[in-house]
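Q: have a look; sequence and predicted model below, questions after that.
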Amino acid sequence: MNLLMLSVDSLRWDAIARTHPHLMATPRFDRIAEVFSYTNRCFSVSTATRPVHQSVFSGLLPFEHGITGQHRRQRRLGIPRLFAALSKAGFRVGAFSEAASILGGVDIGAPVGALPNRAAAGRQQVERWLTSGDGQALFLHYWSTHAPYGAADGRALGETARLVRQGQVEAVKTSYREAVRECFEHKIAPLLERLDLGTWTVVLFGDHGERWAEEELYHGRTLHHDVLRVPLFFHVPYTNASPRGSICSLIDLSATLRTLFGLPRVEGYGRDLLAEPDGPIRYLAQIEPTTDREATDDIHMSKVGSTPTFDDTDEGDMTGVIAVYDAQHKATRNRPRSPWQWTSPFDAEQRPVLPPDLGFDPDQALQAWVRESSFVDHALEDGIDADILHQRLRDLGYLG
């Protein structure tokens, strides 16, 4: 069997024709993916590209692997890497991204090469890599769906942000949906048509969503519903690959694929999505927002210990915005030890609700995750040169 993992950057929960045909039309993709299982009850582990992908390929939460925000360049020593495990098991592994340098410092277990943004050139490169037979594992990361969706200035905080500030959100949404449609119809669908889906397991996911609000001109500022909830397609040949349970998270992908491909298990918090849950399902998400000041200070001055460490009895000074949630309740706090704000995880409006009477204490859950983690006390190592990461974020318009 082979494995294909497709990450569509900034793919919103409602940018899928299967569930929102009034917003999106992707007939070519829909035909080939008709046999795929799909869930719109999936959430990410963060809302920025780098922390999410490190979680997907390690099976660890952001506070465990160390990349808690887009600007964080250090990761913990000894973290698991899915593609390294596949390679050790005899798979031929490959990884390509339309924004390979943004994944600098993210260790998936294989080098991430550049993938041309133009559909035809990208397809040709992938087709040259593919061979016949089993034992192939390929990861592709599509960036054309990321802000600014083809705007001339090419900056996340440029033309797109200006349109949002001017109240022209519909114009931004139109550009975004066209970028998504082009990706599905001209990049993903032709690739899937080439494959013998009887020999390929396929996972297609959005790493995070997008919001287009004055307080969040681009993702990675909050854990709002629209940036945290993501689509997930799953295909396993001749198997019902529908994720089990009332809710799932991208943290589950590593555990699921390790079980499916007979790889060593990781002591993480993900579960096998193809098995019935053996208890209550509860998840954590975390984002440390990037600001100009943080990026300048933290990228250039980061030292071992600049990402928080924890003791055995307390959550410590866990950075950024934290959410603890299950299928009914979502508790979010915007800074360490601030009050929890309660909403329903599937409510796109995020209307406040009363906290549950029993059975859900986010402080206790958070402390347990930290206390029981096998990786949180590991030392940090540099994953990418500070100047390189800083310049890449600046070039993309993340920084002023």
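A: Yep, that arrived. Residues are numbered from 1 along each chain as shown.
Q: which residues does the residue nearest to R282 when sequence neighbours are not counted contact?
A: In space, R282 comes closest to D326 once its chain neighbours are excluded; the distance is 4.8 Å by CB to CB, 6 or more residues apart in numbering. Heads up, the C-betas are built off the backbone N, CA and C, glycines and all. For D326, the contacting residues are 247, 280-283, 345, 360, taking CB atoms under 8 Å, 6 or more residues apart in numbering as the criterion.
Q: hmm, V93 and P111 touching each other?
A: No: the criterion here is CB atoms under 8 Å, and P111 misses it with V93 at 9.3 Å.
Q: between these two, who's got more neighbours?
A: Remark: of P111 and V93, V93 carries more neighbours, 22 against 12, as counted by other CB atoms under 10 Å.
Q: ok so the more buried one is a strand residue?
A: Yes: applying DSSP: H, G, I helix; E, B strand; the rest coil, one finds V93 inside a strand.
Q: from here on, count from 27
A: Okay, using 27 as the starting number, the last item reads as V119.
Q: and it, bridged to which residues?
A: Beta-bridge partners for V119, by DSSP bridges, are A163.
Q: pLDDT weak spots in the stretch 227-376 of the chain?
A: 317-343 (pLDDT under 70).
Q: let's see it at 80
A: Within the stretch 227-376 of the chain, the stretches falling below the threshold (pLDDT under 80) are 316-344.
Q: ok, the stretch 27-176 of the chain next?
A: Counting by pLDDT under 80, the stretch 27-176 of the chain contains low-confidence residues at 176.
Q: what about the helices in it?
A: When secondary structure is read from DSSP state H, counting those that start in this stretch, the stretch 27-176 of the chain shows helices at 53-58, 75-84, 88-91, 108-114, 145-155.
Q: name the helices or strands packed onto the first one?
A: Packing partners of helix 53-58 (3 or more CB pairs under 8 Å, 6 or more residues apart in numbering; DSSP states H and E): helix 215-220.
Q: what's the neighbour count on the residue lying closest to A281 once chain neighbours are set aside?
A: Computed as CB to CB, 6+ apart, the closest residue to A281 that is not its neighbour in sequence is G296, at 3.7 Å. Using other CB under 10 Å as the criterion, G296 is surrounded by 25 other residues.
Q: so G296, which state does it fall into?
A: Per three-state DSSP, the local secondary structure of G296 is coil.
Q: if we can go back for a sec, which of the contacts of D352 count as buried?
A: With burial judged by 16 or more other CB atoms under 10 Å, the buried subset of those is 273, 307-309, 371, 386.
Q: what is the nearest of those residues to L419?
A: For the buried ones among the contacts of D352, the closest approach to L419 (CB to CB) belongs to Y309, at 27.3 Å.
Q: surely the closest one touches F69?
A: Yes: if you go by CB under 8 Å, Y309 and F69 touch, sitting 6.5 Å apart.
Q: so for those two, which residues contact both of them?
A: Between them, Y309 and F69 share the contacting residues 273, 275, 351, judged by CB under 8 Å, 6+ apart.
Q: in CSV, list those residues along with secondary structure.
A: As requested, the shared contacts of Y309 and F69 are arranged in CSV below (three-state DSSP):
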residue, secondary structure
I273, coil
S275, strand
Y351, strand
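Q: does I348 count as helix, strand or coil?
A: I348 falls in the strand class when you classify it by three-state DSSP.
Q: oh, I was asking about L380
A: What three-state DSSP gives for L380 is coil.
Q: how much space between the nearest residue to it once chain neighbours are set aside and V350?
A: Computed as CB to CB, 6+ apart, the closest residue to L380 that is not its neighbour in sequence is W368, at 6.7 Å. Between W368 and V350 the distance, using CB to CB, to the nearest Å, works out to 10 Å.
Q: so which of these two has more stuff around it?
A: A side-by-side neighbour count of W368 and V350, using other CB under 10 Å, places V350 first with 23 against 17.
Q: one step back: and the next element down the chain from the helix or strand the residue nearest to L380 falls within?
A: Using DSSP states H and E, W368 maps to strand 367-369. The element immediately downstream of strand 367-369 (helix or strand, assigned by DSSP H and E) is helix 388-398.
Q: would you mark the buried spots in stretch 111-121?
A: Taking 16+ other CB under 10 Å as the neighbour-count basis, stretch 111-121 is seen to contain the buried residues 111-112, 117-121.
Q: in the helix or strand containing S201, which residues are buried?
A: Following DSSP H and E, the helix or strand that holds S201 is helix 195-209. Residues of helix 195-209 classed as buried by neighbour count (16+ other CB under 10 Å): 198-199, 201-203, 205-209.
Q: now swap in stretch 295-306 and tell me
A: Result for stretch 295-306 [16+ other CB under 10 Å]: buried residues 295-300.
Q: before we move on, what about stretch 183-195?
A: The neighbour-count criterion (16+ other CB under 10 Å) identifies 183-187, 189-190 as the buried residues of stretch 183-195.
Q: give me the common contacts of W368 and V350.
A: When contacts are counted by CB under 8 Å, 6+ apart, W368 and V350 have 356-357 as shared neighbours.
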